[in-house]
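[1] let's see this in three dimensions:
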Amino acid sequence: MIHLFTTNQHTHRPNALAHKPASWGKRLWASICITMLSTLVSLPANAQWKSYLAYSEPTEIERASGNMIYVLASEGLYSYDTSDQSLQTYDKINALSDCGIAHIAWCQKAKRLVIVYSNYNIDLLEANGNVVNMADYMNKTMTTDKTVNDIYVDGAYAYLSTGFGIVKINVANGNISDTYQLGFKVNYSYIKDGYLYAASMANGMYRAPLTANLLDPNQWTRSGNYVWRKKTMDEELLNIVKTLAPGGPKTNYCGFLKLYGNKLFSCNGTFDVKPGSIQVLENNTWTIYQDDIEAITGRRYQDILAIDVDPKNSNHVMAAGRNGLYEFSNGRFVAYYNNENSPIQSYNNSDKEYQLVTGLKYDNDGNLWMLNSQAPSRSLIELTADGEWVNRDRTELMGLNDGGFSNKSLGDLKDMTIDSRGLMWFVNNNHVTPSFFAYDFTNNGMNSYKSFTNQDGTEVMLNNVRCIAEDTNGNMWIGTNQGPLMLETDQITANIPIMTQVKVPRNDGTNYADYLLAGTDITACVIDKANRKWFGTGGAGIYLIGSDNISQLQHFTASNSPLLSDNILALALDEKSGELFIGTDKGLCSYTAPIPSGDGMTKDNVYAYPNPVRPDYAGPITITGLENNADVKILTANGSLVSEGKANGNQYKWYGLDRDGRRVASGVYMVAVATADGETGVVCKVAIIN
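    Modelled structure (predicted):
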């Protein structure tokens, strides 16, 4: 019996920009820190989140108290103090409750900035960084359009013009005062001569006396035709903003990520008719590749879907796009390849625009391989290191019947990777023939996987195969809309390969198990050197699965972590730093935590985090870098046993409690660890502060 494997996992945020130790006494804090430093040789860096948001396109600017200016740009927020020229960016990780800002407005009376997000969440930001979250409007179930079109501030109140009427907020108290259900879309509102006006492009101008019962729609009367109002930014403030450099990428849409050396490359990565953009992060600085390419080629520069770097010249970059192949050197456009100067074909053999190069990969010899999706007769193309074009068309990659053409190449061939065996893998992320492939480019051989039967003999019905990655044992993990599948090494060349759906025992006294993440849409996957699997999903955040393939070590969502969105588009992992870059539909962020080395338990790779454990922390203290089934004992400084158990998924979690379930006293605790056979012992330490 198989069931869905799931795990269930807000609002004044005081001074979110400057957290300080709890006010239980500086001397005690200093004492604990001295003790900790004297007993711990070294502490690993604590896990941390970071955002990389765009602030390139200002849309609203608000002058606040004194010399402060708030700027809404690219759906992000930053402030600028004209007196000291200091600039502060705000995001979900350092201050705000959400991301994807639609509108802002300053309330002078309350000394607060009203922030309305595109998902209807509302924040009130004070100059000192305090944030009051008003989630009631977002959480309110309504059948009408809740979209906020404009904010008008009068005194201590903010009037939100919505798709159904007006919502009145008491900014000083942080409450919704009234909701005026007018039954039509209000584009903007304002107060004049004792009347509240509601301007509707569809219905005209309406107004009601402020002294009337505004909750009663009958009190509102039509006062004239709609008056067009273009909301403009203050010219003086805009000129100031144009001189600022808040940093960040140009766009928040990072649907494709690739790490090469110490550079992170990102681009659109999806068919969404987005302007072409290539962005490179190096040493916390972003470089934007030349993008005025349409004026040069005469073809629209849209939807850059994949990037790869020439292994013989790291400044030489190729980009696959909606309309062909683009070549760059040091960030500058060099050449454009399409059906006129290469074997690349358009969708219908004549369309100048729809020439889909959807996958791209260099081999170690500097030959470039590319996938030409939805082409009449083309599928796989090689551009050799010597500049020769070679057609490597495969019948296995054909079979799409569309647009009056039969047997075209498959709809969305992508995610090319070369494994430890020298095989080049890629997927077809399309509902017509969802599949994946292994190409032996040395011998021109191809294995195709178009039907999926698991180890129980059950056919797994798929709509999408989205990504593929190799683990440290040589197994291939395939991300699908029905969860992850594993193709074990002995099945790669089998006549009828069997896909493994990992079973997770319930451990509830029954023999039942659940398929790992069954029914979860796996959109991205990376596997670290400790053989842990990071799965990005469409709508469920990120899962970290241990090297045993069954232990859920983490599940990050937008509600339980600083993750920007539950819709994950791409992942890229820096094995050296442990920084996992996460591309979402609301921007780029990252999560950093040390990765177990996989070299066995040593004093260098067994550690605990967080460390020290501060008074306000009630979550698990994770001892990582362990061997599975290792014995773990938590001891006081004098050797008294506090807690014990066994490691699972290379980790052991302790909640700071003794064997009687009480929180332990402040101090430094020893973590004694040994393998199951008792031959290897390691000790690390944890500082507890109450």
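
[2] can you give me the strands in the stretch 501-650 of the chain?
    Ranges of strands in the stretch 501-650 of the chain, per DSSP state E, counting those that start in this stretch, are 503-505, 513-515, 522-527, 533-537, 542-545, 552-556, 568-573, 579-584, 587-592, 607-609, 621-624, 631-635, 641-646.

[3] least reliable of these going by mean pLDDT?
    Of all the strands of the stretch 501-650 of the chain, mean pLDDT reaches its minimum on strand 607-609 (a mean of 78).

[4] residues in contact with that strand?
    Here strand 607-609 makes contact (CB atoms under 8 Å, 6 or more residues apart in numbering) with 43-44, 46-47, 593-594, 621-625, 671, 684-686. Using the backbone N, CA and C atoms, a C-beta is placed for each residue, glycine as well.

[5] by neighbour count, which of these wins?
    residue 625 (28 neighbours; other CB atoms under 10 Å).

[6] and that residue, backbone torsions?
    phi 90, psi 20 (degrees, to the nearest 10).

[7] repeat for the one 3 residues further on
    The phi and psi torsions at residue 628 (degrees, to the nearest 10) take the values phi -60, psi 140.

[8] residues near it, how many?
    16.

[9] against residue 546, how distant is it?
    According to CB to CB, to the nearest Å, residue 628 and residue 546 sit 8 Å apart.

[10] the protein - how does it break down into domains?
    Domain assignment for the chain by automatic domain parsing gives 55-241, 598-688.

[11] isn't residue 451 right up against residue 458?
    No - using CB atoms under 8 Å, residue 451 is not in contact with residue 458, being 12.0 Å away.

[12] ok, residue 198 - how many residues close by?
    The burial count for residue 198: 27, using other CB under 10 Å.

[13] show me what contacts it?
    Residue 198 touches 161, 165-166, 180, 182, 186, 189, 205-207, 220, counting by CB under 8 Å, 6+ apart.

[14] ok, 6 Å please
    186, 189, 206 (CB atoms under 6 Å, 6 or more residues apart in numbering).

[15] in a strand, that's where it is, yeah?
    Yes - under DSSP: H, G, I helix; E, B strand; the rest coil, residue 198 sits within a strand.

[16] tell me the bridge partners for it.
    Taking DSSP bridges as the rule, residue 198 bridges to residue 189, residue 206.

[17] TSV for the domains of the chain, including distance to residue 262?
    Listed next are these as TSV, based on distance: least, CB to CB, whole Å:
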stretch	distance to residue 262
domain 55-241	22
domain 598-688	22
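
[18] out of the ones you listed, flag the one nearest residue 501.
    domain 598-688 (18.5 Å; CB to CB).

[19] gap between residue 569 and residue 267?
    Counting by CB to CB - residue 569 and residue 267 are separated by 11 Å.

[20] the more surrounded of those two?
    Per other CB under 10 Å, whichever of residue 569 and residue 267 has more neighbours is residue 267, with 29 against 24.

[21] which residues does the more buried one contact?
    Per CB under 6 Å, 6+ apart, neighbours of residue 267: 256, 278, 304, 307.

[22] and it, how close does it get to residue 229?
    When residue 267 is compared with residue 229 (using CB to CB), they lie 37 Å apart.

[23] can you check residue 610 too?
    From residue 610 to residue 229 the distance is 51 Å (CB to CB).

[24] and these two? which has more neighbours close in?
    Taking other CB under 10 Å, residue 610 and residue 229 do not tie; residue 610 has more neighbours (16 against 11).

[25] where does the stretch 451-600 of the chain dip in pLDDT?
    509, 597-600 (pLDDT under 70).

[26] follow-up on the earlier one: in PyMOL, how would I select just the buried ones from the contacts of residue 267?
    The following PyMOL line selects those of the contacts of residue 267 that are buried, judged by 16 or more other CB atoms under 10 Å:
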select buried, resi 256+278+304+307
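
[27] export the strands of the stretch 501-650 of the chain to JSON lines and tack on distance to residue 77?
    Listed next are the strands of the stretch 501-650 of the chain as JSON lines, based on distance: least, CB to CB, whole Å:
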{"stretch": "strand 503-505", "distance to residue 77": "41"}
{"stretch": "strand 513-515", "distance to residue 77": "41"}
{"stretch": "strand 522-527", "distance to residue 77": "27"}
{"stretch": "strand 533-537", "distance to residue 77": "26"}
{"stretch": "strand 542-545", "distance to residue 77": "24"}
{"stretch": "strand 552-556", "distance to residue 77": "23"}
{"stretch": "strand 568-573", "distance to residue 77": "22"}
{"stretch": "strand 579-584", "distance to residue 77": "17"}
{"stretch": "strand 587-592", "distance to residue 77": "12"}
{"stretch": "strand 607-609", "distance to residue 77": "30"}
{"stretch": "strand 621-624", "distance to residue 77": "33"}
{"stretch": "strand 631-635", "distance to residue 77": "43"}
{"stretch": "strand 641-646", "distance to residue 77": "44"}
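
[28] of all these, which one is nearest residue 195?
    strand 587-592 (40.6 Å).

[29] and the direction of that closest one versus that of strand 533-537, what angle?
    Put simply, strand 587-592 runs at 160 degrees to strand 533-537, going by axes from the mean of the first three to the mean of the last three CA atoms, to 10 degrees.

[30] strands paired with strand 587-592, and their directions?
    Strand pairing (DSSP bridges) places strand 587-592 next to strand 48-52 (antiparallel), strand 579-584 (antiparallel).

[31] re the thing from before, out of the contacts of residue 198, which one sits closest to residue 645?
    Once CB to CB is applied, the member of these that ends up nearest residue 645 is residue 186, at 58.9 Å.

[32] and the closest one, how many neighbours does it have?
    27.

[33] roughly how far apart are it and residue 146?
    Counting by CB to CB - residue 186 and residue 146 are separated by 12 Å.

[34] check residue 65 too.
    For residue 65, the distance to residue 146 - CB to CB - is 30 Å.

[35] so which of these two has more stuff around it?
    Shown here are residue 65 and residue 146; by other CB under 10 Å, residue 146 has more neighbours (17 against 9).

[36] which residues are in contact with the residue nearest to that one when sequence neighbours are not counted?
    Once flanking residues are discounted, residue 146 sits nearest to residue 120: 5.0 Å by CB to CB, 6 or more residues apart in numbering. Shown in contact with residue 120 (CB under 6 Å, 6+ apart): 137-138, 146.

[37] please name the nearest non-neighbouring residue to residue 303.
    Nearest to residue 303 is residue 322, by CB to CB, 6+ apart, at 3.8 Å.

[38] burial of that neighbour, as a residue count?
    The number of residues packed around residue 322, counting by other CB under 10 Å, is 24.

[39] next one: residue 639
    Neighbour tally, residue 639, other CB under 10 Å: 9.

[40] same check, this time on residue 140
    Counted by other CB under 10 Å, the residues lying close to residue 140 total 12.

[41] can you pull the contacts of it?
    Per CB under 6 Å, 6+ apart, neighbours of residue 140: none.

[42] and it, how far from residue 539?
    For residue 140 relative to residue 539 (CB to CB), the value is 21 Å.

[43] do the same with residue 286
    Residue 286 is 28 Å from residue 539, by CB to CB.

[44] ranges for the helices of the stretch 201-350 of the chain?
    Taking DSSP state H, counting those that start in this stretch to define them, one finds helices in the stretch 201-350 of the chain at 235-241, 294-297.

[45] quick check, residue 124 in contact with residue 113.
    No - with contact defined as CB atoms under 6 Å, residue 124 does not count as touching residue 113 (7.1 Å).

[46] which residues of this protein score low on pLDDT?
    1-46, 403-405, 509, 597-605, 649, 675-682.

[47] what are the contacting residues of stretch 656-674?
    39, 621, 623, 630-635, 642, 681-690.

[48] quick one: buried residues of that stretch?
    656, 664, 666-674.

[49] how close does residue 454 get to residue 441?
    Distance from residue 454 to residue 441, by CB to CB: 29 Å.
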